[in-house]
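Student: Have a look at this prediction, sequence included:
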Amino acid sequence: METKTSIIDTDNLSRKNNASSFANWVYRQTNSNRIVRDKTKAKKLKKMGRETHLHIDNFFRMKWANANLQSESASDWNVKHSEIDGRNGIYYKSSCLKLDGKSMNCSPDLILTHKYKNQAVVIERKTTQLQERFIPRIGWPNVQAQLWCYSWMDILKDYDEVILVGQIWRRYRYTYVLCTNHSIWRKQDKRFHQYCLNWFNEYGGNFINEY
């Protein structure tokens, strides 16, 4: 994991009780002039997001996905939530994550649940202009922080395993291409949990494991 910088943003007005705001705050603490954009700022990626099922299909055709998720077919998965739902204002609470006494609000880009295993996959999409060789394999801290929040959503509390994927799209000429590899974490990873919890504490949040 990356070592957390000691530069801390003290602007409390920018801190809101949602995962995206938390991730943006972490980004500001760790930004080193890299070019990263949330999918909400990329109109072309929004359009691509309307074809969610097609992208799930493409995702599970990748050797990377099969190796890491131990799944041979996209048909093994159901879509529980997509970015289309997010654009329609659907979000979920995390009772474990509090900011000023209020539960964090979360709306991931994609939640998949396995049809036969008690397993969920949460995918957050980001876009970048960086060449793939410059994208860190361990992922960026803000992506880790955002996915960590999602892992503690109340709707996922009964799953045996929650897998978190930072899916990176790279701008290439006039379109976006899906990067070959993506960062992956598991909710049960204690090191990952502690790393993100440290950021959440700096953010002014309070972690209460009510599960």
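Tutor: On my side now, so go ahead.
Student: beta partners of Thr127?
Tutor: Arg37, Trp169 (DSSP bridges).
Student: Repeat that for Val79.
Tutor: Beta-bridge partners, per DSSP bridges, of Val79: Leu112.
Student: Hmm, it is touching Lys115, no?
Tutor: No - using CB atoms under 8 Å, Val79 is not in contact with Lys115; the gap is 11.4 Å. For the C-beta atoms, the positions are set from N, CA and C on the backbone; glycine is no exception.
Student: what about these two, which has more around it?
Tutor: Using other CB atoms under 10 Å, the more surrounded residue of Val79 and Lys115 is Val79, with 14 against 9.
Student: Do a quick rundown of the strands in this protein.
Tutor: 36-38, 77-82, 92-99, 102-106, 110-114, 119-128, 161-172, 175-178, 183-186, 205-207 (DSSP state E).
Student: Of the ones you listed, which stretch is the most buried?
Tutor: Stretch with highest mean neighbour count among those: strand 119-128 (a mean of 24; mean count of other CB atoms under 10 Å).
Student: tell me what it is packed against?
Tutor: strand 36-38, helix 43-49, strand 110-114, helix 141-151, strand 161-172 (3 or more CB pairs under 8 Å, 6 or more residues apart in numbering; DSSP states H and E).
Student: So which of these is nearest Asp85?
Tutor: With CB to CB as the measure, strand 110-114 is the member of those nearest Asp85 (9.1 Å).
Student: How far away from the center of its chain is stretch 148-158?
Tutor: Relative to its parent chain, stretch 148-158 has a centroid offset of 12 Å by CA atoms, centre = their mean, to the nearest Å.
Student: end to end, how far does that stretch reach?
Tutor: 16 Å (CA to CA, to the nearest Å).
Student: same check, this time on stretch 163-183
Tutor: Span of stretch 163-183 from end to end, CA to CA: 11 Å.
Student: got the contact list for the closest residue to Ser103 other than its chain neighbours?
Tutor: In space, and not counting its chain neighbours, Ser103 is closest to Lys93: 4.5 Å by CB to CB, 6 or more residues apart in numbering. Going by CB atoms under 8 Å, 6 or more residues apart in numbering, Lys93 touches Ser103, Met104, Asn105, Cys106, Met153, Asp154.
Student: Now do the same contact list for the third one.
Tutor: By that I understand Asn105. Asn17, Asn18, Ala19, Tyr91, Tyr92, Lys93, Ser94.
Student: repeat that for 10 Å
Tutor: 16-21, 91-94, 97, 99, 149, 153 (CB atoms under 10 Å, 6 or more residues apart in numbering).
Student: do you know which of the strands of the chain lies nearest Arg137?
Tutor: Across the strands of the chain, closest to Arg137 is strand 183-186 (CB to CB), at 6.8 Å.
Student: Okay, now the sheet partners of that closest one, with direction.
Tutor: With DSSP bridges as the test, strand 183-186 pairs up with strand 161-172 (antiparallel).
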